[in-house]
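Participant: dropping the sequence and predicted coords here.
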Amino acid sequence: MSEQPECPFSPIGNKEFLCIEYPGIVKRTHKAIQSMGGLQTISKSYSDKEIFRVRYRPNDPFSHPVRGTTTAAAKVVVKVTRRIKKKTKEEDGPWKVELLGISRESVRFTGLCDFQRLVPEDNKFYKLVKNINNMNVDGLAKFKISTDDSDPIEQVPPPYFTINEIPQNYGYFQNANMLRVRVRNPDGTYSIQWFNRKANTGRRLTSIKYDDEVPTEPILTIRPPANILEEECDKLVVDLFKKRPCWTKGALKCQIPSQYHIPLYLCLSRHAYCFSVGPFRSVWISFGFDPRKDPENYKYQIIDAKVHHQLPRPSKAMKFDHTLSNRDKNDTVLEKPIHAPTNYIFTGENLEDHLFIYMVCDVTDPELVPIIHNPNYRKPMCDSHGGFYYRCVLDYIRLVVRSKINATRNNKIYTPMDNPDKYLEEAIEKEKFGRHPVKDEGSDQDMDDDMNEEIYDESDLEEMEALSDEEKRNNNDDDDEDDEDDEDKGDKHKDDQHKDDDKDV
């Protein structure tokens, strides 16, 4: 057996380099450095921990830059030299490899590039910006806004088109309780309609829209406590709302014993209401308390991480087991285990399954506490999108919470952003002078995704209705207590939207 040659060892140099992952194909190094503002600008951004900017048109004052941040890295800088003859283009000698040093930090441009607008040089606003940058007083004195109607109106180029630089995966998936049912029409044709298996749950919660007035009592009639367990649970709920007027359901389950989790929903309907949309959705609020009036109520806003699960799609309608209805009363029935969250405080390290909605006052993460309690990141008035926070600040908080949850679930290390205050200050200025794109929180899925789902026949629908009636007679109305509140509140809204979308099917 022949011996393998030993691998040569090469020493690594003592120099440290900064690795810049340039967002483009570099053919001329000096052009790439010029697009970043030059070596002096790069050195200043690195020493001051500022954001790096790349302008593909560095001489154009209306060019929108691509922003990059510094992240930790562990790389070795290698220099490979290959000598070739100019005339014959043949290699002249072996390749030479040198290990120049290491790179502990890397600049990455992970954000989206903003839309660009090419402003012609003869545009008067282009000349105005040039004169301002060059401090040309004579040129500034010649600038005049035209008042003649015959002169076409020239638009001022906007400084930014969008303020969302971080791409997000919304994670569309169909509600597991919604089924497509084929219904026969009176003329003999068939049409597709949506059927919600949980439409009639018997729950009488008081839910209002963001612009509605705050109720002082339940809108629907709710029965009084029927047993001692409900009375004790009712007293616990009243005492908790005296401590603070807003609670999430997960936080309430952590405050009371597990035997009160089943009647908790009915007790909450007697003493609290909730918003269907807005910054306080999924929060149970005491009757008569309006969190939208006082700016100090920012601590009751929610931070929804929006970590989606791959839920299995329903294959066929459930078949009812008639042996359950004919069982003997003395037979032993295994109770369904109650899922009780053990911790509703987000510290940045804990991860509670099925609990990805936190209130601001329940966040103790050292990275987020200086941001969420900074008055410079809040507004005096509350709106339906960001609440008392600027939308860019709330989006950043959600991004950090979601990143830490995903890192914990996937056994990865979370890398924080360098100098987030600098990024948020710039984003707030952009939000003040620009327009934030409004998200449609009730948007439906595409028709292509809907058509891939199974379509049930009317016979299956009758079986499911029979199953629902039988379950109502044999089971408690509150057996579905472990379902998410957002699914129950949005079932009817999604049902109406899906019916409108399927008119053309």
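Facilitator: Yep, it's here.
Participant: where does the stretch 301-450 of the chain dip in pLDDT?
Facilitator: Across the stretch 301-450 of the chain, residues meeting the criterion (pLDDT under 70) sit at 306-342, 350-355, 434-450.
Participant: kindly recompute the last result at 50.
Facilitator: Screening the stretch 301-450 of the chain residue by residue with the criterion pLDDT under 50, one finds the ranges 310-340, 435-450.
Participant: quick one: the helices in it?
Facilitator: Counting by DSSP state H, counting those that start in this stretch, residue ranges of the helices within the stretch 301-450 of the chain are 322-325, 369-372, 391-409, 420-433, 447-451.
Participant: relative to residue 172, which of these is closest?
Facilitator: In this view, the helices of the stretch 301-450 of the chain are compared for proximity to residue 172 by CB to CB, and helix 447-451 is the closest at 6.9 Å. No exception for glycine: its C-beta is placed from N, CA and C like everyone else's.
Participant: what's the neighbour count on residue 221?
Facilitator: Here the neighbour count serves as a burial measure; for residue 221 (other CB atoms under 10 Å) it reads 6.
Participant: mind checking the SS state of it?
Facilitator: coil (DSSP: H, G, I helix; E, B strand; the rest coil).
Participant: so residue 273, which state does it fall into?
Facilitator: Secondary structure state of residue 273, per three-state DSSP, is strand.
Participant: so how far is residue 40 from it?
Facilitator: Residue 273 sits 59 Å away from residue 40, going by CB to CB, to the nearest Å.
Participant: list the buried residues for stretch 179-198?
Facilitator: For stretch 179-198, the buried set under the neighbour-count rule, 16 or more other CB atoms under 10 Å, comprises 179, 180, 181, 192, 193, 194, 195, 196, 197, 198.
Participant: show me what contacts residue 120?
Facilitator: residue 126 (CB atoms under 8 Å, 6 or more residues apart in numbering).
Participant: give me the pLDDT value at it.
Facilitator: Residue 120 is assigned 82 on the pLDDT scale.
Participant: ok, now how distant is it from residue 57?
Facilitator: Taken as CB to CB, the span from residue 120 to residue 57 is 13 Å.
Participant: ditto for residue 22
Facilitator: When CB to CB is the yardstick, residue 22 and residue 57 sit 16 Å from each other.
Participant: neighbour-wise, which of the two wins?
Facilitator: Between residue 22 and residue 57, residue 22 has the larger neighbour count (other CB under 10 Å), namely 16 against 13.
Participant: doesn't the more buried one belong to a strand?
Facilitator: No - secondary structure assignment (three-state DSSP) places residue 22 in coil, not in a strand.
Participant: contact partners for it?
Facilitator: Residues 32, 54, 109 are the ones in contact with residue 22 under the rule CB under 8 Å, 6+ apart.
Participant: what's the helix or strand for residue 288?
Facilitator: Assignment of secondary structure by DSSP states H and E places residue 288 within no helix or strand.
Participant: how near is it to residue 214?
Facilitator: Look at residue 288 and residue 214: by CB to CB, they are 7 Å apart.
Participant: higher neighbour count, these two?
Facilitator: Neighbours of residue 288 and residue 214, each counted by other CB under 10 Å, are more numerous for residue 214; the result is 16 against 11.
Participant: distance of the more buried one from residue 267?
Facilitator: Distance from residue 214 to residue 267, counting by CB to CB: 20 Å.
Participant: next: residue 208.
Facilitator: For residue 208, the distance to residue 267 - CB to CB - is 19 Å.
Participant: neighbour-wise, which of the two wins?
Facilitator: Taking neighbours as other CB under 10 Å, residue 208 and residue 267 compare with residue 267 leading, 23 against 17.
Participant: helix or strand for the closest residue to residue 63 other than its chain neighbours, which one?
Facilitator: Excluding its sequence neighbours, the residue lying closest to residue 63 (CB to CB, 6 or more residues apart in numbering) is residue 57, at 4.1 Å. Element membership for residue 57, per DSSP H and E: none, as it lies in no helix or strand.
Participant: picking up where we left off before, more neighbours: residue 273 and residue 40, which one.
Facilitator: residue 273 (24 against 8).
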